[in-house]
Structure formats: C-alpha cells, structure tokens
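[1] sequence plus predicted model, see below.
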Amino acid sequence: MAGMNRASYAIAIVGEMRGRFITFEGGEGAGKSSHAAMLAQRLRTLGIGVVLTREPGGSPGAEIIRHVLLSGAAKPLGPDAEAILFAAARDDHVRQTIEPALARGRWVISDRFADSTRVYQGTLGHADPKLIKALERITVGDLKPDLTVILDVPAEIGLSRASKRRGAAGADRFEAESAEFHEKLRDAFRMLALAEPNRCVLIDAGDMRPTVAERIWKVVSDRLDPATAPVALEDVAS
C-alpha cells in the first residue's frame, strides 16, 4: 500500500474483482422493478456498489428503442423484427452500461435481460430460434447473469397489479396481450427455471412484498455471498 492513499488503494482493490450480474425475469406485474430496487438498496447497505438498470433501456440508445417497442409501433412488423429491435437495445445496454459497471467491480441488477426475448419473441412469438440464438450470441456473447431471479405469480394477479400500477394510463404493448398469452408466458418462465437451475431460481411472488424480498435475499446470500464482496470505496477521502 506504500505510495497509495486510501482512495486509490480502494480503487485498485475493487478494480481487480469483476462485479456480479443479477437479472430479474417474470410476467407482467410480477414485481420485478420493485424487488430489483429493494435488492439494490439492501446490497448498498453492505457497502457494495450497485448499478440498477432495465430492459429494454438502461442506456441512452436503448431507452429510445424502448419507446418504440412498448408503444406497440413495432408489433405489426412481427416477432422477428421485434427481436432484432430488442437485440439492438441490448447491444447498447451491454456495451454502455453493464460491461463497464462489472469491470469496475459493481454489482449490476437488471429488470429483464436476454431471457425475456427468448420467452416473449421466441417461445410465445415463434420467432426463428436460429435468429434468437444468433442475436444473443452477437449482443450478449459470453456475458451471462450470475443469477436470474424468476418471479412467479398467477397471470390474473400480475395483470391486476400491472393495472393498478399504471392507473389511468393505457396498457403497454405486452400488458395488452390476452389472458391466454399471459398464462403461456408464466408457463414459459417456469420451464426456463427448470431448464437452467444452476443460474435461475423460481421465487413465489404471490405473497406480501417483504416476504418475497426475504426469499430473494436468501437466494442471493446463499449463491453469491454478498457479505464477502469488496466494499466500494472509490469516494473515500485520503
């Protein structure tokens, strides 16, 4: 530590360890945004640097594409075109936000990621599987979440929550789909959890928010052990 003040030493230590990447997935109204934010705040109380982000969006370019996608403007173009737009947004998001944060030792928590494209445009939209895989290979590459939390809630409960959340505003492109669509969406996410148990964990999100938050925290603690993560001390004064 000779020749270094405390702040520069902290930067060096954090810079040597790549951050963790956690994603939240699930149907509409499952509580992804709320629980992602709650987890981020809990990690920050441990001194962990956290970047909270979302998809589509999370970077300037991706936020522009988000408006196009959620407005429904791209729906007439079909699921292949929507998948390509999601991939374009994800590419900007990964390059501008996620990768730089992980390289700085930050923990990145994203409300949705590539699994949503697999499920929405792939499984339910019947987009060409080869296209989905190719887009993911190009935009995501070797970047994989360390943990994916899939929040599971009956479709009717999720849709009711989504309706209360938006108030007088109209439903977005995906909230406006049929009840059958949302039931199939739930099934698809449950199948994803079964297919990749080493990365994904299915959380019952039908209970009160504090109860669900504790379930999520237990999984994060057991799998990623945040108590041992380096403290983000870049702003410590010398």
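    Cool, got the structure. Numbering: from 1, shown residues only.

[2] you'd agree Val201 is in a strand?
    Yes. Counting by DSSP: H, G, I helix; E, B strand; the rest coil, Val201 is located in a strand.

[3] so where's the protein uncertain?
    1-16, 233-238 (pLDDT under 70).

[4] and the strands in it?
    21-26, 50-54, 107-111, 147-152, 200-204 (DSSP state E).

[5] can you lay out those as CSV showing distance to Leu77 and mean neighbour count?
    Glycine gets a C-beta too; all of them are placed from N, C-alpha and C. Listed next are the strands of the chain as CSV, based on distance: least, Cβ to Cβ, whole Å; neighbours: other Cβ atoms under 10 Å:
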stretch, distance to Leu77, mean neighbour count
strand 21-26, 24, 26
strand 50-54, 23, 20
strand 107-111, 24, 25
strand 147-152, 28, 22
strand 200-204, 30, 18
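
[6] columns distance to Gly78 on top of these, output as JSON lines?
    Listed next are the strands of the chain as JSON lines, based on distance: least, Cβ to Cβ, whole Å:
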{"stretch": "strand 21-26", "distance to Gly78": "23"}
{"stretch": "strand 50-54", "distance to Gly78": "24"}
{"stretch": "strand 107-111", "distance to Gly78": "25"}
{"stretch": "strand 147-152", "distance to Gly78": "26"}
{"stretch": "strand 200-204", "distance to Gly78": "28"}
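
[7] so which of those is nearest Gln96?
    Taking Cβ to Cβ, strand 50-54 is the member of the strands of the chain nearest to Gln96, at 10.1 Å.

[8] pull up the pairing partners for the closest one, direction included.
    Strand pairing for strand 50-54, using DSSP bridges, gives strand 107-111 (parallel).

[9] buried residues, stretch 178-196. List them.
    By neighbour count on 16 or more other Cβ atoms under 10 Å, the buried set for stretch 178-196 is 181-182, 184-186, 188-189, 192-193.
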